[in-house]
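Okay, here's the prediction I keep looking at, along with the sequence it came from:
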Amino acid sequence: MKPNTQLTKAFIAVMVFAAGFGTAYAGWSSHTLHVSYALAVLALAAVTSRMKVKLPGIDGNMSVNLPFLLLAVVNLSAVEAVVIACVSTAVQCWPKAGNKFKPEQMLFNISMMAFATSMANLIWNAGWLGRTAWASEPLMLASTTAAFFLGQTAPVAGIIKLAEGAALRRIWTSIVQLSFPYYVVSAGLTSMVNLVSHHVGWQAALLTFPVMYGIHRSYRVYFAHNAQALQPVPLTRTARAGA
């Protein structure tokens, strides 16, 4: 199946609009800014965004900055969380020396992350959910992570479907199989950091960095051993497969 360039461009335009609308709506109800915490999380998210692993069987990569993006969502205002997500995404997608800069790739990825972050922030701060009996903090965090997960993986699968003509279900299933455990671990780390931060302050986020470095190294070793066992699925470089 041949790729449809016009539909791909239209999908990117829709993603940009959705990101702008979601960010504006979430930002409208933003609470107090936390500049020191935001700058610390931004620095950590930007650094770990360059700690990428190549996903076997998929023409894409995954960085290990998700816990810091989740920390931004649950502890900072929507505006701060979206800015952190967008800046770290730009850092992640910035090409290495000698590689060609692709503005469409950058635009889509930043829009996708802004959309996912704003949706996750809306779930976390949903007042009607907080009034229900079942909405404990762990379940709220799980719902927030799920919103982040769907907000990232669904647009990525969609753009790959349009750009490469691959089967949508096969694309999304491949992304889910490779990235879902990472989202679960990230949610757990976010919960633990929040618990510790109640006693030591926002500096607890710094403790997450060595953990994510270890996860990054483990992923690289694991995927290196399993890359040959997976049948490659040609996926567009327009999208990235994770946070």
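Cool, got the structure.

Please spell out which residues along the biggest helix by length in the chain are buried.
As assigned by DSSP state H, the longest helix anywhere in the chain is helix 168-200. For helix 168-200, the buried set under the neighbour-count rule, 16 or more other Cβ atoms under 10 Å, comprises 171-172, 174-175, 178-179, 182-183, 185-187, 189-191, 193-194, 197. Quick note: C-beta positions are derived from backbone N, CA and C, even for glycine.

Check which element follows the worst-scoring helix or strand of the chain on mean pLDDT along the chain.
Taking all helices and strands of the chain together, the one with the lowest average confidence (mean pLDDT, DSSP states H and E) is helix 127-130, at a mean of 55. Where DSSP states H and E defines the elements, the next helix or strand beyond helix 127-130 is helix 137-164.

ok and that next one relative to helix 168-200, angle-wise?
Interaxial angle, helix 137-164 versus helix 168-200 (axes from the mean of the first three to the mean of the last three Cα atoms, to 10 degrees): 150 degrees.

other SSEs contacting the longest helix of the chain?
Other elements packing on helix 168-200 under the criterion 3 or more Cβ pairs under 8 Å, 6 or more residues apart in numbering; DSSP states H and E are strand 61-63, helix 66-75, helix 137-164, helix 208-226.

Now do the longest one against helix 66-75, angle only.
Put plainly, it is helix 137-164. Computed by the same axes, to 10 degrees, the angle between helix 137-164 and helix 66-75 is 120 degrees.

what's helix 137-164 packed up against?
Under the contact criterion of 3+ Cβ pairs under 8 Å, 6+ apart, helix 137-164 touches helix 5-28, helix 66-75, helix 103-124, helix 127-130, helix 168-200.

roughly how far out does the second one sit from the chain middle?
To tie it back to what came earlier, the one meant is helix 66-75. Distance of helix 66-75 from the chain centroid (Cα atoms, centre = their mean, to the nearest Å) equals 10 Å.
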